[in-house]
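Colleague: here you go, sequence then predicted model.
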Amino acid sequence: EVSREDFELALSIVATIGSATLMDRRALRVIHSAAAKEVGAPELDVVTRDRILDALTEVDRAEALPLQETLNSLAATREAAILWLVVGGDTGTRTLREALARVPVDVAPVIVRAHESAPPQISKLGSVPVLTIGVLEDLIRELSHGVSA
């Protein structure tokens, strides 16, 4: 289970990435593990920045499913160009590799590890960028430098 601190940081990361996406006038979908419990569950309402923030306040860490099950929601999604996987800092490499195997080949994944107070780091898992973010300002700095898939 993700620690409360990592979970809260992850929500802030999703809000930041989502807000930046909307500011760039790009389409956005947010799927979280609790919504993936039901087949065809609605995604978060992310039409505006305020709606993203409101929807994220409803996400409950206790309802989280494993990452692989969450990504099953992507199976029918082909319109995505970039997939931001925001995970807790304790998510293991094996779990990430298994999750990446479910990502459609025409989608560029970027992994963001929310790991409270960890030093910022950029690495690769195969060809996939992995950002370790310990404080939200680290993500903002990396996004301003143009980190992409």
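Modeller: Looks like it came in fine. Numbering: from 1, shown residues only.

Colleague: mind showing which ranges of the chain have poor pLDDT?
Modeller: Applying pLDDT under 70 to the chain flags the ranges 1, 32-46, 61-79, 145-149.

Colleague: okay, strands next: where are they in it?
Modeller: Listed in chain order, the strands of the chain (DSSP state E) span 82-88, 108-114, 121-125, 128-133.

Colleague: so which of those strands is the most surrounded?
Modeller: Most buried of the strands of the chain, by mean neighbour count (mean count of other Cβ atoms under 10 Å): strand 108-114, with a mean of 22. In short, each C-beta sits where N, CA and C put it, glycine included.

Colleague: could you list every helix and strand that that strand packs against?
Modeller: Identification of packing neighbours for strand 108-114 by 3 or more Cβ pairs under 8 Å, 6 or more residues apart in numbering; DSSP states H and E yields helix 4-23, strand 82-88, strand 128-133.

Colleague: show me what counts as buried in the first one.
Modeller: Residues of helix 4-23 classed as buried under the neighbour-count rule (16 or more other Cβ atoms under 10 Å) are 6-7, 9-22.

Colleague: would you turn the helices and strands packed on strand 108-114 into a markdown table with distance to Leu56?
Modeller: Formatted as a markdown table, these follow (distance: least, Cβ to Cβ, whole Å):
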| stretch | distance to Leu56 |
| --- | --- |
| helix 4-23 | 5 |
| strand 82-88 | 11 |
| strand 128-133 | 16 |
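
Colleague: which of these sits closest to Asp60?
Modeller: The closest of these to Asp60 is helix 4-23. By Cβ to Cβ, the value is 9.5 Å.

Colleague: looking at the strands of the chain, which is closest to Arg26?
Modeller: Of the strands of the chain, nearest to Arg26 by Cβ to Cβ is strand 82-88, at 8.8 Å.

Colleague: and the closest residue to Ile17 other than its chain neighbours, what does it touch?
Modeller: Distance criterion Cβ to Cβ, 6 or more residues apart in numbering; nearest residue to Ile17, sequence neighbours excluded, is Trp84 at 5.3 Å. Residues in contact with Trp84 (Cβ atoms under 8 Å, 6 or more residues apart in numbering) are Val14, Ile17, Pro109, Val110, Val112.

Colleague: I am finished for the moment; much appreciated.
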